[in-house]
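Undergrad: The sequence isn't on hand, but the structure is:
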């Protein structure tokens, strides 16, 4: 790892932000792209004519063209589908505690996408988004925020597992298209005896998915992915530093493992089930946060801003844009081309503007 030099990357793009929804405080202590096709041209084998005293007519070669549909992929990872039944289930968003008493968490390395957002008291909170994999158990589960309604609108009415919220947040979640699965709606939560309340509420993805309504649909694709034969675009970089208010996060690329490993507050960030937190892609979307109810930060995820994509030991600086809460983030490079990532899991960081640093190549 390279600790000696850092290249500071400063926000240069003005964020267009709509007037914020009132951001809430929570309970528990304050709290797709269309398939492509490949065209294959085949040549029929020729046959040799038997020798004769008369010249044989010319042999014709028939040319045929076969269109082979692209293999279906899981929409949140770009990895080829193994189980169609799994691919057909809805996305499951689980809000996860990140206070000191909540660490290490369970299920972070099994989530297809993890989002880290700033919340009250200079803390961050995670959302684990499950689809192609699950985790039994998953937690500690914690409360949501008003910003979650816009943030997860593109996942096609996902299941939303949380510990609850104050009256304002609860009413807004229930009025949205998120499918609420809190302890009041689903009797699938339990308290762990090795931690203190409120950092000990858990569930399992198996139980949470069992509560999905009959008409639940799978999520749409959130990002573009390169094919296994395509080279990784970008500038070489062994990782990133991201500051989320008082939380310092470092990501280090491990070429042998093919993943980025996470360090938080100078220490490896571990998961109880699978060791150090890691991911195939780190996507940093710099945000404007506006104050809401009780000063709770409210990320403005509709609009545009500076983006950094770390993938395959490279990084690409570009722009995120999003016109509607039901649309995924569009990530483009300096030339306006769509940024393609490595198929696999993705970790999304949502810092304020100007708080992203890229580690330089050796």
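TA: That came through, no problem. Since this is a predicted model, take the numbers as computed values, not measurements. Numbers count the residues shown, from 1 in each chain.
Undergrad: Which of the helices or strands spans residue 208?
TA: helix 205-209 (DSSP states H and E).
Undergrad: Following the chain onward from that helix, which element is next?
TA: Helix 205-209 is succeeded, C-terminally, by strand 224-225 (DSSP H and E).
Undergrad: Test my guess that residue 156 contacts residue 215.
TA: No. Residue 156 is not in contact with residue 215 according to C-beta atoms under 8 Å; the separation is 11.3 Å. Where you see a C-beta, it was placed from the backbone N, CA and C, and this is true even at glycine.
Undergrad: And those two? Which one has more around it.
TA: Using other C-beta atoms under 10 Å as the criterion, residue 156 and residue 215 rank with residue 156 on top: 17 against 7.
Undergrad: Now do the spatially closest residue to that one that is not a sequence neighbour against residue 134, distance only.
TA: Sequence neighbours aside, residue 219 is the residue nearest to residue 156 in space, at 4.9 Å (criterion: C-beta to C-beta, 6 or more residues apart in numbering). Separation of residue 219 from residue 134 (C-beta to C-beta, to the nearest Å) stands at 15 Å.
Undergrad: When these two are compared, which one has more neighbours?
TA: Between residue 219 and residue 134, residue 219 has the larger neighbour count (other C-beta under 10 Å), namely 25 against 19.
Undergrad: Who are the contact partners of the more buried one?
TA: 75, 76, 90, 91, 131, 154, 155, 156, 158 (C-beta atoms under 8 Å, 6 or more residues apart in numbering).
Undergrad: averaged over its residues, what pLDDT does stretch 201-220 have?
TA: Model confidence over stretch 201-220, given as mean pLDDT, is 97.
Undergrad: And for stretch 320-335?
TA: Stretch 320-335 comes out at a mean pLDDT of 97.
Undergrad: Quick check: buried residues in stretch 330-338?
TA: 330, 331, 332, 333 (16 or more other C-beta atoms under 10 Å).
Undergrad: Mind checking which of those land in strands?
TA: Within the buried residues of stretch 330-338, residues falling in strands by DSSP state E are 330, 331, 332, 333.
Undergrad: Dig out what residue 262 forms beta bridges with.
TA: residue 251 (DSSP bridges).
Undergrad: what's it in contact with, if anything?
TA: 249, 250, 251, 268, 269, 276, 277, 278, 279, 347.
Undergrad: Next one: the first one from residue 132, what distance?
TA: The reference is to residue 249. 25 Å.
Undergrad: Counting neighbours, what do you get for residue 265?
TA: 12.
Undergrad: Just read off the phi/psi values of it.
TA: phi 50, psi 40 (degrees, to the nearest 10).
Undergrad: Same question for residue 151.
TA: phi -60, psi -40.
Undergrad: Excluding residues flanking it in the chain, which one is nearest it?
TA: With C-beta to C-beta, 6+ apart, the residue lying closest to residue 151 is residue 301, at 5.2 Å.
Undergrad: Residue 320 now?
TA: Of all residues not flanking residue 320 in the chain, residue 307 sits nearest, at 4.1 Å (C-beta to C-beta, 6+ apart).
Undergrad: quick one: strands adjacent to the one helix or strand that neighbour maps to?
TA: Applying DSSP H and E as the criterion places residue 307 in strand 303-311. Looking at strand 303-311 with DSSP bridges, its partner strands are strand 281-285 (antiparallel), strand 314-322 (antiparallel).
Undergrad: residue contacts, the residue nearest to residue 107 when sequence neighbours are not counted?
TA: Nearest non-adjacent residue to residue 107, counting by C-beta to C-beta, 6+ apart: residue 135, 3.1 Å away. Residue 135 makes contacts with 106, 107, 110, 111, 128, 204, 205, 273, as judged by C-beta under 8 Å, 6+ apart.
Undergrad: For residue 135, grab phi and psi.
TA: Dihedral angles for residue 135 - degrees, to the nearest 10 - are phi -150, psi 130.
Undergrad: Quick check: it vs residue 189, distance?
TA: 14 Å.
Undergrad: again with residue 113
TA: Taking C-beta to C-beta, one finds residue 113 at 22 Å from residue 189.
Undergrad: Nearest to the spatial middle of this structure, which residue is it?
TA: Nearest to the mean C-alpha position of the chain, by C-alpha atoms, centre = their mean, lies residue 113 at 3.0 Å.
Undergrad: okay but that one is in contact with residue 345, surely?
TA: Yes. Counting by C-beta under 8 Å, residue 345 is a contact partner of residue 113 at 7.1 Å.
Undergrad: wait, doesn't residue 164 sit right on residue 185?
TA: No. Residue 164 is not in contact with residue 185 according to C-beta under 8 Å; the separation is 9.9 Å.
Undergrad: In terms of packing, which of the two has more residues around it?
TA: residue 164 (22 against 14).
Undergrad: Please enumerate the helices of this structure.
TA: With DSSP state H, the ranges of helices along the chain come out as 84-87, 147-151, 167-175, 205-209.
Undergrad: Tabulate those helices in JSON lines, adding columns for distance to residue 243 and mean neighbour count.
TA: Formatted as JSON lines, the helices of the chain follow (distance: least, C-beta to C-beta, whole Å; neighbours: other C-beta atoms under 10 Å):
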{"stretch": "helix 84-87", "distance to residue 243": "36", "mean neighbour count": "11"}
{"stretch": "helix 147-151", "distance to residue 243": "19", "mean neighbour count": "23"}
{"stretch": "helix 167-175", "distance to residue 243": "26", "mean neighbour count": "16"}
{"stretch": "helix 205-209", "distance to residue 243": "31", "mean neighbour count": "20"}
